[in-house]
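J.: Build me a model from this:
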Amino acid sequence: MLQRAFPWVLRAAWAVIPAVVWPALGEGLRRHSDAVRTTCAVAAWVVWAALLLATLVPHPVGLTATRCGSPLVFAAAVAAVATGRPSVTASALAVAWSIGVVVLIYLPQTGTLFVNGPAYPNERRFLLGPLELAWLLAAGLPVAALLLLAARAWVPGGIALVLAVAAVRYLGAALHGLSRRWVVFVPAGLVLHDRMTLVDPVLFPRATIESLGPAPADTDSLDLTQRAPGLALELILRTKVPMERATPGKRRGEEGASARLLFTPTRPGAVLAEAARRGVRVA
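T.: All right, here's what the predicted structure looks like:
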(Lines give C-alpha, C1' and ligand atoms only; values in the text may rest on other atoms or scores of the structure.)
Protein backbone atom coordinates (compact mmCIF):
# COMPACT_ATOMS: atom_id res chain seq x y z
CA MET A 1 0.00 0.00 0.00
CA LEU A 2 2.76 2.46 0.99
CA GLN A 3 4.75 1.58 -2.13
CA ARG A 4 1.78 2.38 -4.37
CA ALA A 5 1.06 5.65 -2.55
CA PHE A 6 4.66 6.92 -2.56
CA PRO A 7 4.68 8.28 -6.15
CA TRP A 8 1.57 10.34 -5.44
CA VAL A 9 3.02 11.69 -2.18
CA LEU A 10 6.08 12.85 -4.14
CA ARG A 11 3.95 14.42 -6.88
CA ALA A 12 1.67 16.18 -4.40
CA ALA A 13 4.63 17.55 -2.43
CA TRP A 14 6.08 19.09 -5.59
CA ALA A 15 2.71 20.24 -6.98
CA VAL A 16 1.90 22.50 -4.00
CA ILE A 17 5.26 24.30 -4.00
CA PRO A 18 3.81 27.42 -5.69
CA ALA A 19 1.26 27.79 -2.90
CA VAL A 20 3.73 27.11 -0.08
CA VAL A 21 7.12 28.47 -1.20
CA TRP A 22 6.35 31.13 -3.83
CA PRO A 23 4.84 33.69 -1.35
CA ALA A 24 8.13 33.91 0.55
CA LEU A 25 10.08 34.25 -2.70
CA GLY A 26 7.77 37.03 -3.87
CA GLU A 27 8.33 39.00 -0.68
CA GLY A 28 12.08 38.48 -0.88
CA LEU A 29 12.16 39.85 -4.44
CA ARG A 30 9.83 42.80 -3.85
CA ARG A 31 12.57 45.48 -3.79
CA HIS A 32 14.42 44.19 -6.85
CA SER A 33 13.95 45.54 -10.37
CA ASP A 34 11.14 44.41 -12.65
CA ALA A 35 13.65 42.57 -14.86
CA VAL A 36 15.02 40.53 -11.96
CA ARG A 37 11.54 39.73 -10.62
CA THR A 38 10.28 38.69 -14.05
CA THR A 39 13.35 36.53 -14.72
CA CYS A 40 12.98 34.79 -11.36
CA ALA A 41 9.25 34.24 -11.83
CA VAL A 42 9.60 32.78 -15.33
CA ALA A 43 12.52 30.55 -14.32
CA ALA A 44 10.69 29.32 -11.22
CA TRP A 45 7.53 28.40 -13.12
CA VAL A 46 9.50 26.69 -15.92
CA VAL A 47 11.49 24.59 -13.44
CA TRP A 48 8.39 23.77 -11.43
CA ALA A 49 6.38 22.68 -14.51
CA ALA A 50 9.26 20.64 -15.98
CA LEU A 51 9.91 18.76 -12.75
CA LEU A 52 6.21 18.19 -12.13
CA LEU A 53 6.06 16.55 -15.55
CA ALA A 54 9.12 14.48 -14.63
CA THR A 55 7.36 13.11 -11.54
CA LEU A 56 4.29 12.23 -13.62
CA VAL A 57 6.32 10.41 -16.30
CA PRO A 58 9.18 8.67 -14.41
CA HIS A 59 12.39 8.21 -16.41
CA PRO A 60 16.14 8.25 -15.60
CA VAL A 61 16.41 11.64 -17.32
CA GLY A 62 13.71 12.91 -14.96
CA LEU A 63 15.67 11.60 -11.99
CA THR A 64 18.71 13.61 -13.05
CA ALA A 65 16.56 16.70 -13.59
CA THR A 66 14.74 16.51 -10.25
CA ARG A 67 17.92 15.88 -8.26
CA CYS A 68 19.61 18.82 -9.95
CA GLY A 69 16.63 21.17 -9.78
CA SER A 70 14.91 20.48 -6.47
CA PRO A 71 17.74 21.77 -4.23
CA LEU A 72 17.43 25.11 -6.01
CA VAL A 73 13.99 25.52 -4.43
CA PHE A 74 15.55 25.18 -0.98
CA ALA A 75 18.37 27.57 -1.89
CA ALA A 76 15.86 30.13 -3.19
CA ALA A 77 13.74 29.81 -0.05
CA VAL A 78 16.75 30.37 2.21
CA ALA A 79 17.86 33.37 0.12
CA ALA A 80 14.37 34.90 0.36
CA VAL A 81 14.21 34.36 4.12
CA ALA A 82 17.67 35.91 4.52
CA THR A 83 16.31 39.23 3.21
CA GLY A 84 14.09 39.48 6.30
CA ARG A 85 11.08 40.55 4.25
CA PRO A 86 8.82 37.43 4.37
CA SER A 87 6.78 36.91 7.52
CA VAL A 88 7.89 34.37 10.12
CA THR A 89 5.10 32.00 9.11
CA ALA A 90 5.85 32.25 5.38
CA SER A 91 9.58 31.84 6.01
CA ALA A 92 9.21 28.76 8.21
CA LEU A 93 6.74 27.13 5.82
CA ALA A 94 8.88 27.79 2.73
CA VAL A 95 12.10 26.46 4.25
CA ALA A 96 10.51 23.44 5.93
CA TRP A 97 8.56 22.43 2.82
CA SER A 98 11.54 22.83 0.48
CA ILE A 99 13.67 20.69 2.82
CA GLY A 100 10.99 18.02 2.87
CA VAL A 101 10.76 17.98 -0.94
CA VAL A 102 14.53 17.64 -1.33
CA VAL A 103 14.59 14.77 1.17
CA LEU A 104 11.77 13.02 -0.71
CA ILE A 105 13.51 13.38 -4.07
CA TYR A 106 16.83 12.07 -2.75
CA LEU A 107 15.28 9.00 -1.10
CA PRO A 108 16.38 5.67 -2.64
CA GLN A 109 12.69 4.85 -3.23
CA THR A 110 12.47 7.86 -5.57
CA GLY A 111 15.44 6.61 -7.55
CA THR A 112 13.80 3.20 -7.87
CA LEU A 113 10.57 4.83 -9.08
CA PHE A 114 12.28 6.86 -11.81
CA VAL A 115 14.65 4.22 -13.19
CA ASN A 116 11.82 1.67 -13.47
CA GLY A 117 9.64 4.05 -15.52
CA PRO A 118 10.83 2.74 -18.92
CA ALA A 119 11.63 -0.78 -17.66
CA TYR A 120 9.96 -3.86 -19.14
CA PRO A 121 7.17 -5.41 -17.01
CA ASN A 122 9.27 -8.50 -16.20
CA GLU A 123 12.38 -6.61 -15.06
CA ARG A 124 13.16 -4.66 -11.91
CA ARG A 125 15.90 -2.02 -11.64
CA PHE A 126 17.70 -0.77 -8.54
CA LEU A 127 20.08 2.19 -8.46
CA LEU A 128 23.71 1.79 -7.54
CA GLY A 129 25.50 4.41 -5.42
CA PRO A 130 26.94 6.95 -4.93
CA LEU A 131 24.65 9.98 -5.02
CA GLU A 132 26.91 12.95 -5.71
CA LEU A 133 25.97 16.59 -5.20
CA ALA A 134 27.60 18.25 -8.22
CA TRP A 135 24.11 19.72 -8.84
CA LEU A 136 25.35 22.89 -7.12
CA LEU A 137 27.42 23.81 -10.17
CA ALA A 138 25.31 22.09 -12.83
CA ALA A 139 22.08 23.82 -11.76
CA GLY A 140 23.24 26.79 -9.70
CA LEU A 141 25.49 28.46 -12.28
CA PRO A 142 22.77 28.85 -14.97
CA VAL A 143 20.46 30.47 -12.42
CA ALA A 144 23.22 32.81 -11.23
CA ALA A 145 24.02 33.76 -14.84
CA LEU A 146 20.37 34.59 -15.61
CA LEU A 147 20.01 36.75 -12.49
CA LEU A 148 23.24 38.65 -13.13
CA LEU A 149 22.26 39.34 -16.74
CA ALA A 150 18.77 40.41 -15.65
CA ALA A 151 20.40 42.84 -13.20
CA ARG A 152 22.53 44.17 -16.11
CA ALA A 153 25.75 42.97 -14.52
CA TRP A 154 27.08 42.14 -17.97
CA VAL A 155 30.66 41.13 -17.21
CA PRO A 156 30.07 38.79 -14.23
CA GLY A 157 26.88 37.58 -15.92
CA GLY A 158 28.79 36.72 -19.10
CA ILE A 159 31.48 34.90 -17.13
CA ALA A 160 28.83 32.99 -15.18
CA LEU A 161 27.07 32.09 -18.45
CA VAL A 162 30.25 30.63 -19.95
CA LEU A 163 30.88 28.63 -16.78
CA ALA A 164 27.24 27.53 -16.74
CA VAL A 165 27.46 26.14 -20.28
CA ALA A 166 30.58 24.18 -19.33
CA ALA A 167 29.01 22.92 -16.10
CA VAL A 168 25.83 21.74 -17.81
CA ARG A 169 27.84 20.12 -20.60
CA TYR A 170 30.22 18.12 -18.42
CA LEU A 171 28.70 17.86 -14.93
CA GLY A 172 25.21 17.29 -16.33
CA ALA A 173 26.44 14.29 -18.29
CA ALA A 174 28.27 12.96 -15.23
CA LEU A 175 25.20 13.33 -13.04
CA HIS A 176 23.02 11.58 -15.61
CA GLY A 177 25.57 8.76 -15.61
CA LEU A 178 24.77 8.25 -11.92
CA SER A 179 21.09 7.90 -12.82
CA ARG A 180 21.97 5.06 -15.20
CA ARG A 181 23.89 2.83 -12.77
CA TRP A 182 21.62 -0.12 -12.07
CA VAL A 183 21.44 -3.69 -10.94
CA VAL A 184 18.60 -5.21 -12.95
CA PHE A 185 16.66 -8.42 -12.31
CA VAL A 186 15.44 -10.03 -15.55
CA PRO A 187 13.88 -13.46 -16.20
CA ALA A 188 17.29 -14.87 -17.20
CA GLY A 189 19.11 -13.68 -14.07
CA LEU A 190 20.83 -10.50 -12.91
CA VAL A 191 22.38 -7.69 -14.98
CA LEU A 192 24.91 -5.07 -13.89
CA HIS A 193 24.34 -1.93 -15.98
CA ASP A 194 27.11 0.45 -14.94
CA ARG A 195 29.17 2.36 -17.51
CA MET A 196 31.37 3.73 -14.72
CA THR A 197 32.81 0.28 -14.05
CA LEU A 198 31.84 -1.89 -17.05
CA VAL A 199 32.11 -1.09 -20.76
CA ASP A 200 28.92 -3.05 -21.50
CA PRO A 201 26.13 -4.42 -19.28
CA VAL A 202 26.92 -7.92 -18.02
CA LEU A 203 24.32 -10.66 -17.58
CA PHE A 204 24.85 -13.18 -14.79
CA PRO A 205 22.51 -16.09 -15.61
CA ARG A 206 20.56 -17.45 -12.67
CA ALA A 207 22.14 -20.89 -13.17
CA THR A 208 25.63 -19.43 -12.58
CA ILE A 209 24.74 -17.55 -9.37
CA GLU A 210 25.86 -19.34 -6.21
CA SER A 211 24.63 -16.65 -3.80
CA LEU A 212 24.03 -12.95 -3.22
CA GLY A 213 24.42 -11.34 0.18
CA PRO A 214 26.12 -8.70 2.32
CA ALA A 215 29.86 -8.57 1.70
CA PRO A 216 32.19 -9.54 4.58
CA ALA A 217 34.71 -6.90 5.60
CA ASP A 218 37.72 -9.00 4.60
CA THR A 219 36.48 -10.06 1.15
CA ASP A 220 38.88 -9.98 -1.80
CA SER A 221 36.15 -9.99 -4.47
CA LEU A 222 36.33 -7.73 -7.51
CA ASP A 223 35.30 -4.27 -6.29
CA LEU A 224 32.77 -2.51 -8.55
CA THR A 225 31.37 -0.25 -5.82
CA GLN A 226 33.17 2.96 -6.88
CA ARG A 227 33.69 3.46 -3.12
CA ALA A 228 30.01 4.23 -2.69
CA PRO A 229 28.86 4.51 0.95
CA GLY A 230 26.40 1.95 2.23
CA LEU A 231 26.13 -1.82 2.43
CA ALA A 232 28.05 -3.56 -0.34
CA LEU A 233 26.61 -6.81 -1.69
CA GLU A 234 28.76 -9.73 -2.80
CA LEU A 235 27.74 -11.76 -5.84
CA ILE A 236 29.32 -15.24 -5.87
CA LEU A 237 29.18 -17.23 -9.11
CA ARG A 238 29.74 -20.90 -9.85
CA THR A 239 31.93 -20.07 -12.86
CA LYS A 240 33.83 -17.01 -13.98
CA VAL A 241 31.88 -14.64 -16.22
CA PRO A 242 33.80 -12.56 -18.79
CA MET A 243 33.46 -8.79 -18.53
CA GLU A 244 35.27 -5.69 -19.76
CA ARG A 245 36.03 -3.22 -17.02
CA ALA A 246 35.91 0.47 -17.89
CA THR A 247 39.23 2.31 -17.84
CA PRO A 248 39.02 6.07 -17.08
CA GLY A 249 40.21 8.19 -20.00
CA LYS A 250 40.43 5.28 -22.43
CA ARG A 251 38.00 4.00 -25.03
CA ARG A 252 38.96 0.37 -24.61
CA GLY A 253 38.45 -1.36 -21.31
CA GLU A 254 40.34 -4.06 -19.45
CA GLU A 255 39.12 -7.51 -20.42
CA GLY A 256 38.88 -10.19 -17.76
CA ALA A 257 36.59 -12.56 -15.91
CA SER A 258 35.49 -12.98 -12.31
CA ALA A 259 33.43 -15.30 -10.16
CA ARG A 260 33.15 -12.93 -7.19
CA LEU A 261 32.30 -9.25 -7.30
CA LEU A 262 30.98 -6.39 -5.15
CA PHE A 263 28.45 -3.64 -5.88
CA THR A 264 26.60 -1.16 -3.67
CA PRO A 265 22.89 -0.58 -4.36
CA THR A 266 21.07 2.33 -2.74
CA ARG A 267 18.45 -0.14 -1.41
CA PRO A 268 20.36 -3.34 -0.52
CA GLY A 269 17.45 -4.81 1.46
CA ALA A 270 15.08 -4.41 -1.49
CA VAL A 271 17.65 -5.97 -3.82
CA LEU A 272 18.01 -9.03 -1.59
CA ALA A 273 14.24 -9.35 -1.26
CA GLU A 274 13.82 -9.21 -5.04
CA ALA A 275 16.61 -11.77 -5.47
CA ALA A 276 14.90 -14.19 -3.09
CA ARG A 277 11.59 -13.66 -4.86
CA ARG A 278 13.20 -14.60 -8.18
CA GLY A 279 14.81 -17.75 -6.87
CA VAL A 280 18.35 -16.45 -6.30
CA ARG A 281 19.96 -17.86 -3.16
CA VAL A 282 20.46 -15.08 -0.59
CA ALA A 283 23.41 -15.63 1.71
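J.: Every contact and neighbour count from this point should use C-alpha atoms.
T.: Noted.
J.: can you pull out the strands in this structure?
T.: Remark: strands assigned in the chain by DSSP state E are 124-127, 182-186, 189-193, 202-205, 209-214, 222-223, 233-245, 254-263.
J.: Highest mean neighbour count out of the ones you listed?
T.: strand 124-127 (a mean of 26; mean count of other Cα atoms under 10 Å).
J.: who touches that one?
T.: Contact with strand 124-127 is made by 108, 111-112, 115-116, 119, 179-186, 265-267, 271, as judged by Cα atoms under 8 Å, 6 or more residues apart in numbering.
J.: thinking again about what came up before, can you put the strands of the chain in JSON lines and add distance to residue 164 and mean pLDDT?
T.: Formatted as JSON lines, the strands of the chain follow (distance: least, Cα to Cα, whole Å; pLDDT from 0 to 100):
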{"stretch": "strand 124-127", "distance to residue 164": "28", "mean pLDDT": "93"}
{"stretch": "strand 182-186", "distance to residue 164": "29", "mean pLDDT": "95"}
{"stretch": "strand 189-193", "distance to residue 164": "30", "mean pLDDT": "94"}
{"stretch": "strand 202-205", "distance to residue 164": "35", "mean pLDDT": "94"}
{"stretch": "strand 209-214", "distance to residue 164": "41", "mean pLDDT": "96"}
{"stretch": "strand 222-223", "distance to residue 164": "34", "mean pLDDT": "92"}
{"stretch": "strand 233-245", "distance to residue 164": "32", "mean pLDDT": "93"}
{"stretch": "strand 254-263", "distance to residue 164": "33", "mean pLDDT": "90"}
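J.: Make a ChimeraX selection of whichever of the contacts of strand 124-127 turn out to be buried.
T.: Restricted to buried positions by 16 or more other Cα atoms under 10 Å, the ChimeraX selection for the contacts of strand 124-127 reads:
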select :108,111,112,115,116,179,180,181,182,183,184,185,186,265,266,267,271
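J.: mind listing which of the contacts of strand 124-127 are in helices?
T.: 108, 111, 112, 115, 271 (DSSP state H).
J.: For residue 9, see how far away residue 19 is.
T.: The gap separating residue 19 from residue 9 is 16 Å, by Cα to Cα, to the nearest Å.
J.: meant to ask about residue 224, not that
T.: For residue 224, the distance to residue 9 - Cα to Cα - is 34 Å.
J.: of these two, who's got more company?
T.: Taking neighbours as other Cα atoms under 10 Å, residue 224 and residue 9 compare with residue 224 leading, 18 against 13.
J.: Is that one in contact with residue 265, as I believe?
T.: No. Counting by Cα atoms under 8 Å, residue 224 sits too far from residue 265 to count as a contact (10.9 Å).
J.: need the contact list for residue 265.
T.: By Cα under 8 Å, 6+ apart, the neighbours of residue 265 are 126, 127, 128, 129, 182, 183, 230, 231, 232, 233, 271.
J.: burial of the closest residue in space to it that isn't next to it in sequence, as a residue count?
T.: Spatial nearest neighbour of residue 265, chain neighbours left out: residue 128 (4.0 Å); criterion: Cα to Cα, 6 or more residues apart in numbering. Residue 128: 27 surrounding residues under other Cα under 10 Å.
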